[in-house]
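In: Build me a model from this:
(one chain, ligands or ions: 1)
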Amino acid sequence: LKMDLGPDELRLLEMRPELVERMSERIYEILDHLLSKRTITKEDFSTITGENLGIRDRMRNLLDVLPKRGNDACRDLLELVENQWNSQNPAKINFNKLLEKHKEILEGQHRKINDYIKTTSEHVDLKERYTNLTITKSTLYTEQKEHEVTGVGNAFKRLEQETREAVCESDEFCRSFLQQEKGVTLISGVAGGGKTTITKKLIQQWAATLQSYPASNKLVLFFTFRELSLITETRSLSELLTSHYSHLKPILRQVVNVEQSKILLILDGLDEFKFPLDFGKTPKCTDPESRQQIHELIVNIIKGNLLPDSSVLLTSRPHAIGKLPEKCIQNFYQILGFSVSQQKEYFQKTCPSKESADRICGYVSSHKPLSLMCHVPAFCWITSTALQEKTEGLLTSKENMATVTHIYCRFLKAIMIFHGEKMGESSVQRLVNASGSLRDFRHCLKDLGAVAFKGLMEHKFLFHVEDLSRFNVDQGSLSSLFLVEILKEDKDSFTFQKNYHFVHTSLQEFFAAVYYVMESYSGRSPFWCVKPPHNFLLHLCASKIHRLLGRRRLVQKHVRRIFQIAHRSHSGQLDLFCRFVSGLLVPRTSRILEGVFIPRHSLLDVRYLIKLLEVQLCCENICPERLINVCHCLYEAQDQGLRDRLGCFVEDSVRGFKNLSSTDWTRLAFVLQLTNSIEMLNLDKCNLEPEGLRRLLPVFPCFSSSKLAQNPLGPEGAAILAEVLKSQDCRIEKLWIVGTQLGSDGASWLSDGLQQNCTVSDLRMACNNIGDEGASCLAEMLKRNRTLRDIR
Ligand SMILES: Nc1ncnc2c1ncn2[C@@H]1O[C@H](COP(=O)(O)OP(=O)(O)OP(=O)(O)O)[C@@H](O)[C@H]1O
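Out: This next block holds a predicted model:
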């Protein structure tokens, strides 16, 4: 058919979508022009304009009519359009030239890695520091019940069992994403997990490809949700893009309307978006020129109503991915962080010598809670800063480095002492003056801690200038003191308003803990910053009561209170904070920050803390994830009892565990959480009761093979197993539960779990007296289950 068309008719046909997009607004101008030239008749005019038609439909009608009037009529329109376009852009915009300029701007903005410590150097080039991260492609979102840092460790453990194809390195991810045609990709990763760094790498890789293959001219556009949160008035997509990338103004409308497949849109940090995303009720909008609220615009982009032919990359912390309906996401990736060999590579890049890198690696691998956290890149950065050779002088020979709190204390001390302000002084002088400097910073540390603690209690991680000034943290102290290393400033590109956030959330948790302990020691309630007393009389009474209680009892009360609050949390957002509080209550650790903590250790005997934690370990109404955190707290409190008990487990694991108490099952779960890749969990004949099994819940699903034969699990234990089998984290392939007193009720629970499970293939459950009723439940389950191969 096309062969019969004249060249202009053919061009008109090809340009049809573009003409509808770009020229509909001028339809009357065009029709008048064509009428005056007699290209169309009056009848044509009324057919084209019709009744109740929109301008785009009128444009389409014109494009249907013109070919019927021949090639010349088509040429008339084309000439008119070209004249108009050329007069709008006299210099005949050169797409590639603008793209080149854009590339330079974007590449420059994303060239440096966020390395905040200026004690050693300025921000580092991404090229020098970038280390590959491990990523997995997932099909499922997972609910978060544990602190993010623990979650990453568990994810690495599961990795052993992932299929090879699901795992890739960040470089590989960037390569494949740049080639992606269209669709929405989501990357989830914990705080400091490397999401922003991946987007930087992506931009660098794109810029490099553009250099060598200008033909693959994709247009990368980058936004952070943090800055999008500051837009309060309605905007159209075109306006949003052109206001942010004004240098692209001459081509953006054209690309958005006609060449969407060129666009690669990156939206970083969904968790920081402050507006709710309502995917059900947001009005559908497909017009890039139509104005709407920023959250509606985002919903329409993610749903593919706007920019349906573009590639969109979203990054988010895990807790926020639930905001997105799964069906809108075509590809879902999880950043697991650095594997052990990637950590090694990272330390080699950050340390001045191979020896010091080896020393740090050795140190990390011999302290399990540290190695668990070092999967997170930001934590590697903190560790490497804290353990660099130049900070060695910060330690007295008696200090025994052992805990995560130690690392953070050293990190803080390093930046307080080596911060650039006193660059003139030699390192030795600074070390000599160390405790004096720390004493000078005491107040400002407490003020910043109050900001951190209030934020933590209110789930707030971004602070405005007013939030800081309420606690005397002002612009002056921010720019002159070491605080610039801790609080990162963000200038919003739309309103130029300043915002601050801690360079890593774990630092916010640490500062909050420093504040909490300082305030508790000083006799004030640390909670005053969260809820200042409204009533003066009430406040007076409270302080009188406090005084009567005595300092020591008061400190104890505050310590008890914070653990109570933490145990109520389901997502573990206070887990790390509690570990830091426990660590800072140990004199040997807080002595690192001598000067900050005025020694008042007699106010709280560590034995009190350990006793308190042990009592909590016995509680049956605390969820198992929080109970494991109690073990982490005991570890930070350097409890010898915990260490001795863990030592016994090593022998027991060979002989078989016998007569473990319920608290021991939690301790065992703690050890298993810290152990890399154990494939098989053998707990045959261990007198494992339902409560023990419940306490193993956070780690149990990670094992591919679980042997629980001849334990008194009963129906209650089967109900817990069902929960594990249904969980999205479940990796169990072999489940051996011979002789576990299931009965028919237990078989019914188990069937319920297996109905929704797709990992178990080998099930041994003989000698459970399940009866006909239990057997018929299993039979029902087998109609649905497609994974089981062998049941005995
Ligand atoms: N691939 C990497 N190579 C080297 N360093 C890295 C890498 N990824 C992250 N880091 C280090 O960890 C820090 C935190 O990383 P990044 O800002 O990318 O995390 P994020 O996941 O975006 O965190 P948040 O959720 O807090 O925004 C970086 O500033 C950098 O120092």
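In: Excluding sequence neighbours, find me the nearest residue to Asp526.
Out: Careful, residue 526 is Pro; it's not Asp. Spatial nearest neighbour of Pro526, excluding adjacent residues (CB to CB, 6 or more residues apart in numbering): Glu519 at 4.0 Å. All C-beta spots, glycine's among them, are computed from the backbone N, C-alpha and C.
In: quick check, Leu264 in a helix?
Out: No - assignment of Leu264 by DSSP: H, G, I helix; E, B strand; the rest coil gives strand, placing it outside any helix.
In: Quick one: residues contacting it.
Out: For Leu264, the contact set (CB atoms under 8 Å, 6 or more residues apart in numbering) comprises 178, 206, 218-221, 310-311, 313.
In: Try it again at 10 Å.
Out: Under the criterion of CB atoms under 10 Å, 6 or more residues apart in numbering, the neighbours of Leu264 are 177-178, 180, 182, 202-203, 206, 218-222, 310-313.
In: Isn't the residue nearest to Pro526 up against Phe453?
Out: Yes - the pair Glu519 / Phe453 is scored as a contact, 8.6 Å apart, by CB atoms under 10 Å.
In: higher neighbour count, those two?
Out: More crowded of Glu519 and Phe453, by other CB atoms under 10 Å: Phe453, with 26 against 21.
In: Distance from the chain centre to the helix or strand containing that one, please.
Out: Using DSSP states H and E, Phe453 maps to helix 442-457. Its chain's C-alpha centre and that of helix 442-457 lie 23 Å apart, by CA atoms, centre = their mean, to the nearest Å.
In: So is it next to the ligand?
Out: No - taking CB under 6 Å from any ligand atom as the criterion, helix 442-457 and the ligand are apart, separated by no less than 13.6 Å.
In: And the very next helix or strand once past that helix, what does it pack against?
Out: Moving toward the C-terminus from helix 442-457, the next helix or strand (DSSP H and E) is strand 463-464. Applying 3 or more CB pairs under 10 Å, 6 or more residues apart in numbering; DSSP states H and E, one finds that strand 463-464 contacts helix 442-457, strand 498-502.
In: now for the chain, which residue lies nearest the mean position of the chain?
Out: By CA atoms, centre = their mean, the mean C-alpha position of the chain lies nearest to Arg317, the distance being 2.2 Å.
In: List the contacts of that one.
Out: So Arg317 contacts 144, 148, 188-193, 195, 269-272, 461, 505 (CB under 10 Å, 6+ apart).
In: near the ligand, which residues of the stretch 651-792 of the chain?
Out: Counting by CB under 6 Å from any ligand atom, no residue of the stretch 651-792 of the chain is near the ligand.
In: Just the buried ones from the contacts of Leu264, in PyMOL syntax?
Out: Listed next is the PyMOL selection for buried residues among the contacts of Leu264, using 16 or more other CB atoms under 10 Å:
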select buried, resi 177+178+182+202+203+206+218+219+220+221+222+310+311+312+313
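In: So which of the contacts of Leu264 are in helices?
Out: Among the contacts of Leu264, the members falling in helices are 177-178, 202-203, 206 (criterion: DSSP state H).
In: ok, which of the contacts of Arg317 also contact the ligand?
Out: 189, 191-193, 195, 269.
In: hang on, the earlier thing: which residues are common contacts for Glu519 and Phe453?
Out: 526-527, 529.
In: Check the residues you listed against the ligand and report the nearest one.
Out: Set against the ligand, the nearest of those by CB to the nearest ligand atom is Cys529 (23.1 Å).
In: Quick check: closest non-adjacent residue to that closest one.
Out: Ala450 is the one closest to Cys529 (CB to CB, 6+ apart), at 4.2 Å.
In: I'd say the one you found and Pro526 touch.
Out: Yes - contact criterion CB under 10 Å: Ala450 and Pro526 qualify, at 8.3 Å.
In: hey, what's in contact with both of these two?
Out: Joint contacts of Ala450 and Pro526 (CB under 10 Å, 6+ apart) are 512, 515-516, 518-519.
In: Tell me how many other residues surround the residue nearest to Cys529.
Out: Ala450 has 24 nearby residues by other CB under 10 Å.
In: ok, it - contacts?
Out: Ala450 neighbours (CB under 10 Å, 6+ apart): 470-473, 511-512, 515-516, 518-519, 526, 528-530.
In: How about Glu29?
Out: 23, 80, 84 are the contacts of Glu29 under CB under 10 Å, 6+ apart.
In: can you list those in TSV and add neighbour count and secondary structure?
Out: Output for the contacts of Glu29, formatted as TSV (neighbours: other CB atoms under 10 Å; DSSP: H, G, I helix; E, B strand; the rest coil):
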residue	neighbour count	secondary structure
Met23	22	helix
Leu80	18	helix
Gln84	16	helix
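In: which of the residues you listed lies closest to Arg731?
Out: Proximity of the contacts of Glu29 to Arg731 was ranked by CB to CB; the top entry is Met23 with 57.7 Å.
In: Can you tell me how far the closest one is from Trp85?
Out: Met23 sits 9 Å away from Trp85, going by CB to CB, to the nearest Å.
In: Fine, thanks again, bye for now.
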